[in-house]
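Visitor: predicted structure and sequence below. I'll ask about it afterward.
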Amino acid sequence: MATKIFQLKGSDWLKGYSADKYFPLGGIFRYATRFDPFRQMGYLAPSIAPTQYGGSTIDTTIKWLTNFSASGTGYFYGQSDTELYQINAITGSTSDVTSSITVSTKVYGALVWRNKYVYSIGNGSSSQKIYSAALPVSGATEILSVSNYGYENVMCVGADGNLYITNGKDIAKCILESGTTGNSGAVYSLETGQISRDLVNDGTYLVIISDNNTDKTLGKNRCSVSFWDMSKGTVDRRWDIDDSYLIGAEIIDGIIYIVGRDGLYACNFSNAPRLVFPFNGNSTIISSPSSASQVVKYKNSILFADSGSGAVYAFGSLLPNQNKVMYQPIGSLSGNVTAISYNGYNTWTATDTPALYNHTFGNTYNTLDMRLAPIILDQPFKFCFAKCVLQSKLSSGQGIDFRLASADGNGVISDLISISYDSNNARQVIMFEPKPNGFGNDVLSFEEMIPFISLYGGACLERLEIWADPVDPLNTTL
């Protein structure tokens, strides 16, 4: 008699990615692409499909996205190496405003500070300068010249209200937004060989993220998190991290989350860094961002790009102090992600195609592809059927695919079955019966299973059930 041997529903959909692709460690998904578990809680629900904006106006790759407001309207700037674009954050209307500022051949950072758009440009070898421009941009004034060429100038407003900037081994400081008086390219210097990668204001300290890996090669290097009071010549605390190099950081729930090449770490002044998710070995995520411009705070999560693809991952929770999970709300973009922006409502990404995408507008949905980490059972079973309960009946353009596998996806317990909307038989509860593939890799009985599901057109899955007959262990054929 058929027995329900497995079920996913409700809070199960909030469990996030597994840290290991061969075993459900800290989560259940080997992948669940284009799925934000906090957008429609309690369902496996696809995220909104990206909408491209800017069209032919954006003809160079945006490296930095920076939010600002003017006359009650939200905007953001997208700056490439040679051009500056102004984008209306509500309508997506885009204009090229390069002629309103000073540009060079490379851009190294950007931020809004004291109602000024502050940005860094240079040629990578002999000249690198920080400029400020009134909002909306109209003319630009040099406020600092830095001597450590070719490094990103990531900017952060400190607890004292001044602007701090990564500058190779040094930390630069600007106290004046309209000129150079009092501004310095080196108010604090790291130990020889260290490179500052990102800065975070924790309310008391300027937290400096750094490493000694100039070429960003793989392998263990000296990576550090330093807590500087913006006054003394030494830091009050420094934690070391075993990683290839560090990339960016954000504060979530009073904890500093640091994205490294080999993993995501959590720490604060009192607690040493701990690995919360690996990006190497058997991990379900094996790549990371390439720049701090691809790491932002997103609701109660840290959002970061896979710089080698069109995917964007997040680690966080719906509410503060809840269990945090890894998930992938954005994916399948054309090109590699080069910058991310979130203004409290809209999420935008830039890619190297070049293109600019919004991930909030519209009512068209992504295709969601889900694969669970292997489920190990206590005894062998023979598959009877799978039951999928949707949020509502399938409507036009919607559909669901199901298959069940074993042996790391190579053994076929039940082959792919696709169910699409049928105007004569719209269904909310869909039963998937066994379907062999007939190519010699069918599995008659199994002790491990891997469900695969795809959702199309905005279909949302409420519950998945797997039903099977127990099999005598002495008569098992795997």
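Guide: Arrived safely.
Visitor: residue ranges with poor pLDDT in the stretch 351-478 of the chain?
Guide: 475-478 (pLDDT under 70).
Visitor: would you map the strands across it?
Guide: Under the criterion DSSP state E, counting those that start in this stretch, the stretch 351-478 of the chain contains strands at 355-358, 368-372, 375-390, 399-406, 411-420, 429-432, 446-456, 461-470.
Visitor: centre of the chain to the first one, how far?
Guide: On the basis of Cα atoms, centre = their mean, to the nearest Å, strand 355-358 sits 15 Å off its chain's mean C-alpha point.
Visitor: then the third one?
Guide: Between the centre of strand 375-390 and the centre of its chain there are 32 Å (Cα atoms, centre = their mean).
Visitor: select, out of the strands of the stretch 351-478 of the chain, the one closest to Y313.
Guide: strand 368-372 (14.8 Å; Cβ to Cβ). Where C-beta positions appear, they are placed from N, C-alpha and C, glycine not excepted.
Visitor: partner strands of the closest one and their direction?
Guide: strand 29-33 (antiparallel), strand 446-456 (antiparallel) (DSSP bridges).
Visitor: wait, which of the strands of the stretch 351-478 of the chain is closest to N346?
Guide: strand 355-358 (6.2 Å).
Visitor: any idea how far G397 lies from M370?
Guide: Using Cβ to Cβ, to the nearest Å, G397 is found at 19 Å from M370.
Visitor: take the strands paired with strand 368-372 and write them to JSON lines, including mean neighbour count.
Guide: Output for these, formatted as JSON lines (neighbours: other Cβ atoms under 10 Å):
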{"stretch": "strand 29-33", "mean neighbour count": "23"}
{"stretch": "strand 446-456", "mean neighbour count": "21"}
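Visitor: could those go into CSV alongside distance to I90?
Guide: Shown next, in CSV, are the strands paired with strand 368-372 (distance: least, Cβ to Cβ, whole Å):
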stretch, distance to I90
strand 29-33, 28
strand 446-456, 29
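Visitor: now for the ones you listed, which one comes closest to K63?
Guide: Of all the strands paired with strand 368-372, strand 29-33 comes closest under Cβ to Cβ, at 25.4 Å.
Visitor: parallel or antiparallel, list what pairs with the helix or strand that comes right after that closest one.
Guide: Using DSSP states H and E, the helix or strand that directly follows strand 29-33 along the chain is strand 51-53. Partner strands for strand 51-53, per DSSP bridges, with pairing direction: strand 355-358 (antiparallel).
Visitor: who touches M41 in this structure?
Guide: 13-14, 318 (Cβ atoms under 8 Å, 6 or more residues apart in numbering).
Visitor: any of those residues buried? List them.
Guide: 13-14 (16 or more other Cβ atoms under 10 Å).
Visitor: out of the contacts of M41, which comes closest to V157?
Guide: Using Cβ to Cβ, the contacts of M41 come closest to V157 at L318, 27.4 Å.
Visitor: who are the contact partners of the residue nearest to the closest one when sequence neighbours are not counted?
Guide: Once flanking residues are discounted, L318 sits nearest to F38: 4.3 Å by Cβ to Cβ, 6 or more residues apart in numbering. By Cβ under 8 Å, 6+ apart, F38 lies in contact with 14, 299, 317-318.
Visitor: ok, F38 to N300 distance?
Guide: 8 Å.
Visitor: mind listing the shared neighbours of these two?
Guide: Any residue near both F38 and N300 by Cβ under 8 Å, 6+ apart counts here, and that gives 317-318.
Visitor: who has more neighbours, G397 and M370?
Guide: Each of G397 and M370 has its neighbours counted (other Cβ atoms under 10 Å); M370 has more, 23 against 13.
Visitor: count the neighbours of A133 for me.
Guide: Residues near A133, counting by other Cβ under 10 Å: 20.
Visitor: after the helix or strand hosting it, which helix or strand is next?
Guide: Counting by DSSP H and E, the element that carries A133 is strand 128-134. As assigned by DSSP H and E, the chain's next helix or strand after strand 128-134 is strand 141-146.
Visitor: would you list the contacts of F38 in JSON lines and tack on pLDDT and distance to D401?
Guide: Below are these laid out as JSON lines (pLDDT from 0 to 100; distance: Cβ to Cβ, whole Å):
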{"residue": "L14", "pLDDT": "98", "distance to D401": "23"}
{"residue": "K299", "pLDDT": "94", "distance to D401": "30"}
{"residue": "S317", "pLDDT": "97", "distance to D401": "29"}
{"residue": "L318", "pLDDT": "96", "distance to D401": "28"}
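Visitor: which of those lies at the shortest distance from S80?
Guide: K299 (27.4 Å).
Visitor: what are the phi and psi angles of the closest one?
Guide: phi 50, psi -120 (degrees, to the nearest 10).
Visitor: so it makes contact with G316?
Guide: Yes - between K299 and G316 there is a contact under Cβ atoms under 8 Å: 6.9 Å.
Visitor: pLDDT below threshold where in the protein?
Guide: 475-478.
Visitor: kindly report the domain assignment for it.
Guide: Residue ranges for the domains of the chain, per automatic domain parsing: 3-47+368-475, 51-358.
Visitor: in the stretch 101-250 of the chain, what residue spans correspond to strands?
Guide: For the stretch 101-250 of the chain, applying DSSP E, counting those that start in this stretch gives strands covering 106-113, 116-122, 128-134, 141-146, 155-157, 163-167, 170-174, 184-189, 195-201, 206-211, 221-228, 237-243, 246-252.
Visitor: I appreciate the help and will end here.
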